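>>> quick one: sequence and predicted model below, then my questions.
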Amino acid sequence: MLLGCSGGPACLLWFGSSLGQRLTVALTVVGSGLGLGSLGVAIMQPTPPTWHLPWFLPWGQFAIALDPLSVMFLAPVFVVPALGAIYGLDYWKQSEHPASGRRLGLFYGILAGAMAMVVIARDGVLFLIAWEAMALAAYFTATADQGNPEVRRAGWVYLIATHAGTLTLIAMFALWHRATGSFALTGVAMMPPAISGTLFVLALIGFGFKAGLMPLHVWLPGAHANAPSHVSAVMSGVMLKMGVYGIVRLTAILPGPALWWGGTLLAVGAITGIAGIVFAIGQQDIKRLLAYSSVENIGIIAMGLGLALLGRTQGRADWVILGLGGALLHVWNHAQFKSLLFFVAGTVIHAAGTRRMDLLGGLARRMPLTAILFVVGAVAICGLPPLNGFASEWLLYMGLFRTLSPHETSALAGAAMSAVGLAMIGALAVACFVKLLGTVFLGTPRSPVARQAHDPHAAMLLPIAALALGCVALGILPVLAVPLLARAIGCWTATPNACGLSIAALAPLSRVSVMALSLCGLLMAATLSWAALSRLRTIRKACTWDCGYARPTARMQYTGSSFAQMLVGLFSFIIWPKRYEPQVAGTLPHATRFGSVTPDTVLDRLVTPVFDLAGRLLPRLRVLQQGQTQYYVLYVLVAVIVLLWWGAMGVQS
Amino acid sequence: MNNILLHVALLLFFPPLLLGVINKTKAAFAGRVGPPVLQTYFDLAKLMRKGMVISNTTTWVFLAGPMVTLATVLLAGLLIPIASFDAPIAFTGDLILFAYLFGLARFFTTAAALDTASAFEGMGAAREVTFACLAEPALFFALLVLAKASGSLSLTPMLHGPPGGFGMAAIAPFVCVGIGLFMVLLAETCRIPVDDPNTHLELTMIHEAMVLDHSGPLFGVIVYASALKMFVLGAFLLHVILPWHADVAWMNWPLFLLEMGALAVVIGMVESLMARLQMTHVPYLLVAAMLFCGFGFILMVR
């Protein structure tokens, strides 16, 4: 069994020596299948299997384990990259991309394998090695199209951000080693609150960079937009969750959480959620929109974790179960519908050759199957019944509403307020995805490229259909996930099971299934009676009623930007949109243009100016860098003398 | 069992009457005789017999708009308790489903509007989703207040209150929430001062602009579903502003009908006495609703 567990990632790693794209894809799928099978075996075990191997480095050890928490996060690691590889067969054909295809295949495999290793590692050093392998592999897969300057810039931003995160994590593990005496990632009984608090903050920053918590999300939109679509799906659906996993794992092993941990995470989650979806609404690029919506979903997950942490400090098992249960279920759900949406975005880009929404339109008539699958993903990501997004958000709402229970102090009413934040996120998500659906798939084509689009081949459609099926299945039967969820929650904290509480007792998920089915039934009834009725009535086809105007053109319909304009205006204090407004003067004004863009407030208005300033000021230090070896040796001599002097001072005092 | 049957029957057949009462009130204020109270039923019957014109840019999403709205609003109507009687369907957490069913309806209504490629319908859809982003927090503040006041997470016990009725402490929050929810009701059911269902200017409409292209039976479904929505939200609001019931159980049915009729008259009065707000000022009204409900929440948890 253990061989199977490690066999999965090993197979994935091995296909670097590829003979052909099909072979590598087959290996990925087989490896993932083996991995999934071994997960199934691992769940059956009463105790989580652990494994220690001889290790060649002076620090740390090769320790891996497979507890329910790891299984929870491993499942998407095995599912999404395998589906992505199949999708990539048609999307990034080796014959069409001879230069980048092989490189993409190699690093795609390493990325998947490294992610699996991150989740099962139980040692700080091993974890960091896997983490860095994952980060670098993601860089090389995301920059597959390296001839494009925009891609290179996004790659740079990603590389800087990810290493800022890794540096924080190195500091965190160093502190962990100092506090506990080893790098082993196992639970500790006691720790001074100052140290555990510092560790929590370092973890929140380090993992927050990867997960994309605001304002550390700067790398995310660019990298996701410019990567090949199946890589974006893996990055958004799975790799961001590695950041979430880090926070979950560390909060599981850190002793004595303080009240402010949960409060901070809840507040950061709510801010990330609202700001993420507001930025998404302002976007004009399909994939940037989806990337910002990932930020929003990470915010929702962080809210669940924050609630669970609050529950642990207050001794409320119901908050832990509902908060963490909602968060972990949302990890699964988001992996499914976000990968689905990125695959669909890739299909649209493949068919129409552009990512600009306002050039598309009317694709539902030209790509009917893709459009149906997209609607499934869009409804699911808005958290609407009867699909899976509703199940996880519902658990989270239940937890947030429970913070109002009579015997809690009113100070915790702040936690209940985030339910209102979540409601706002939900309404904004509907606006965002109606905009995407309406602009890309409905109406009439806005450009010739959109007019020629058509449904892709089965290799691209089947992975999307599989994910859509998952969305429907988990939406109608969320109970399926409960056994594993319950064990993962038990693994995170020992308290819940002691109180005899369970997800089923707190939140009747079976009722959600009944309601989802009755909603489907009502819909079916409405549709059938409609079909019967419409056969009896005359139906005439005509052009759209444009208030009497008989020749409406594609340019008259609402664009995505105009659809979002009111909301962008309402939230301009967050997004600071840029507008190029024409000056209209005279009775017969000249032809003119109007434009609006939504830059990233943090990246374009804060980080880039600071880096530019540093780039202008720091070259002055170049006087030190002479290029002559003698000078460098002199520096070494001076440094050694200074150090000796400093050391001597230290001894004296 | 009888009560459930009555609930379903009321839900199915009563809502169009509300529109009739509103129109009659407006006519009385304007000094006209006005259409008969049953006019909406006649309209619906006529629409159902008619043929249809469907735009040739549209897809199945265009049909899904009215169908999904009808199904979701009916289901939401089964979750709401009427007067002192329990809802046919009640379970822990149904309040979230109630709110999200309206979200699902909004998703498909606005998508259907965008499917026609008309600028007017796009405009209506954009307004609808924007205003919903402000109405939704108000609704959730109200739900939080009700959850706190009743100590329950299911709509039936939440709206009926704890066994001894809502205490004195709930009066002030309920007044705030009642005002806020009334504004949300006006916005969600497209009444003046947010939207004018009788206007002839497509540029100034919200809901009517979204359904310009639906005709015949499809439009009938839309009219009926929006009456249903008013009935469901009205029944919700009545629990907050009039949380008293008669001691004799069956008396509560006629009492509820009277209260509902009175609510329709009040809506009609608001429509007659107020002008429609400038479109850019509608967010202020909704923010005010959010603030009322938010202050109600603060009063509740203080």
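Done, it's in. Treat the numbers as computed from the prediction; the structure is a model and nothing was measured. Residues are numbered from 1 along each chain as shown, chains lettered A, B, ... in the order given.
>>> count the neighbours of the residue of the stretch 101-250 of chain B found nearest chain A for me.
Ranked by Cβ to the nearest Cβ, the top residue of the stretch 101-250 of chain B for proximity to chain A is residue B:122, at 2.5 Å. Where C-beta positions appear, they are placed from N, C-alpha and C, glycine not excepted. The criterion is other Cβ atoms under 10 Å in any protein chain shown. On that basis, residue B:122 has 27 neighbouring residues.
>>> three-state assignment of the closest residue to it other than its chain neighbours?
Closest residue in space to residue B:122, ignoring its immediate chain neighbours: residue A:558 at 2.5 Å, by Cβ to Cβ, 6 or more residues apart in numbering or on different chains. The three-state assignment at residue A:558 reads coil, by DSSP: H, G, I helix; E, B strand; the rest coil.
>>> return the backbone torsion pair for residue A:558.
Backbone geometry at residue A:558, expressed as degrees, to the nearest 10, gives phi -70, psi 130.
>>> distance of it relative to residue B:214?
17 Å (Cβ to Cβ, to the nearest Å).
>>> which one's more surrounded, those two?
Under the neighbour definition other Cβ under 10 Å, residue A:558 and residue B:214 were set side by side, and residue B:214 has more, 29 against 25.
>>> ranges for the strands of chain A?
Here chain A has its strands, by DSSP state E, at A:50-53, A:62-65, A:539-542, A:578-580, A:595-597.
>>> can I get the ones you listed in JSON lines with mean pLDDT, distance to residue A:398 and mean neighbour count?
Shown next, in JSON lines, are the strands of chain A (pLDDT from 0 to 100; distance: least, Cβ to Cβ, whole Å; neighbours: other Cβ atoms under 10 Å in any protein chain shown):
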{"stretch": "strand A:50-53", "mean pLDDT": "79", "distance to residue A:398": "34", "mean neighbour count": "13"}
{"stretch": "strand A:62-65", "mean pLDDT": "84", "distance to residue A:398": "31", "mean neighbour count": "20"}
{"stretch": "strand A:539-542", "mean pLDDT": "88", "distance to residue A:398": "45", "mean neighbour count": "12"}
{"stretch": "strand A:578-580", "mean pLDDT": "82", "distance to residue A:398": "41", "mean neighbour count": "11"}
{"stretch": "strand A:595-597", "mean pLDDT": "81", "distance to residue A:398": "40", "mean neighbour count": "13"}
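>>> count of residues packed around the residue of the stretch 301-450 of chain A at minimum distance from chain B?
Closest contact between the stretch 301-450 of chain A and chain B, by Cβ to the nearest Cβ, is at residue A:438 (3.1 Å). By other Cβ under 10 Å, 30 other residues sit near residue A:438.
>>> ok, it touching residue B:109?
No - in this structure, residue A:438 is not within contact of residue B:109 by Cβ atoms under 8 Å, at 11.7 Å.
>>> residues in contact with the spatially most central residue of chain B?
Nearest residue to the geometric centre of chain B (Cα atoms, centre = their mean): residue B:230, 3.2 Å. For residue B:230, the contact set (Cβ atoms under 8 Å, 6 or more residues apart in numbering or on different chains) comprises B:15, B:18, B:19, B:185, B:189.
>>> picking up where we left off before, need the overlap of contacts for residue A:438 and residue B:109.
Common neighbours of residue A:438 and residue B:109 (Cβ under 8 Å, 6+ apart) are residue B:125.
>>> kindly list the longest helix within chain B.
Longest helix in chain B by number of residues, with DSSP state H as the criterion: helix B:119-150.
>>> how near is the residue nearest to residue A:203 when sequence neighbours are not counted to residue A:57?
In space, residue A:203 comes closest to residue A:250 once its chain neighbours are excluded; the distance is 4.5 Å by Cβ to Cβ, 6+ apart. Note on residue A:250: its distance to residue A:57, by Cβ to Cβ, is 22 Å.
>>> which of the two has more neighbours?
Neighbour count, other Cβ under 10 Å: between residue A:250 and residue A:57, residue A:250 has more, with 21 against 10.
>>> residue ranges with poor pLDDT in the stretch 101-250 of chain B?
Nowhere does the stretch 101-250 of chain B drop to pLDDT under 70.
>>> list the residues that contact residue 197.
All of this is about chain A. Going by Cβ under 8 Å, 6+ apart, residue A:197 touches A:258, A:261.
>>> not quite, go with chain B.
Residues near residue B:197 by Cβ under 8 Å, 6+ apart: B:190, B:191, B:207, B:208.
>>> pick out the most distant pair among those residues.
B:191 and B:208 (11.7 Å; Cβ to Cβ).
>>> could I get the phi/psi values of residue A:586?
Torsion angles at residue A:586 (phi, psi; degrees, to the nearest 10) stand at phi 80, psi 170.
>>> check whether residue A:375 really touches residue B:61, as I assumed.
Yes - if you go by Cβ under 8 Å, residue A:375 and residue B:61 touch, sitting 7.4 Å apart.
>>> give me every residue that touches the residue of the stretch 101-250 of chain B closest to chain A.
Counting by Cβ under 8 Å, 6+ apart, residue B:122 has contacts A:438, A:557, A:558, A:562, A:563, B:113, B:114.
>>> quick one: which two of those residues are the most distant?
Using Cβ to Cβ, the pair of the contacts of residue B:122 lying farthest apart is A:562 and B:113, separated by 13.4 Å.
>>> which one's more surrounded, the two?
With neighbours defined as other Cβ under 10 Å, residue A:562 and residue B:113 compare such that residue B:113 has more, 31 against 17.
>>> where's that one relative to residue A:95, distance?
43 Å.
>>> go on, residue A:414?
57 Å.
>>> so between the two, which is more surrounded?
With neighbours defined as other Cβ under 10 Å, residue A:414 and residue A:95 compare such that residue A:414 has more, 14 against 7.
>>> nearest residue to the more buried one in space, please, no chain neighbours.
residue A:263 (7.4 Å).
>>> just checking, that neighbour touches residue A:307?
No - contact criterion Cβ under 8 Å: residue A:263 and residue A:307 do not qualify, at 10.2 Å.
>>> got the contact list for residue A:187?
The contact partners of residue A:187, by Cβ under 8 Å, 6+ apart, come to A:252, A:253, A:255.
>>> repeat the analysis, applying 7 Å as the threshold.
residue A:253 (Cβ atoms under 7 Å, 6 or more residues apart in numbering or on different chains).
>>> could you do residue A:167 as well?
By Cβ under 7 Å, 6+ apart, no residues touch residue A:167.
>>> can we see that at 8 Å?
residue A:206.
>>> gap between the two ends of stretch A:489-506?
End-to-end distance of stretch A:489-506: 14 Å, with Cα to Cα, to the nearest Å as the criterion.
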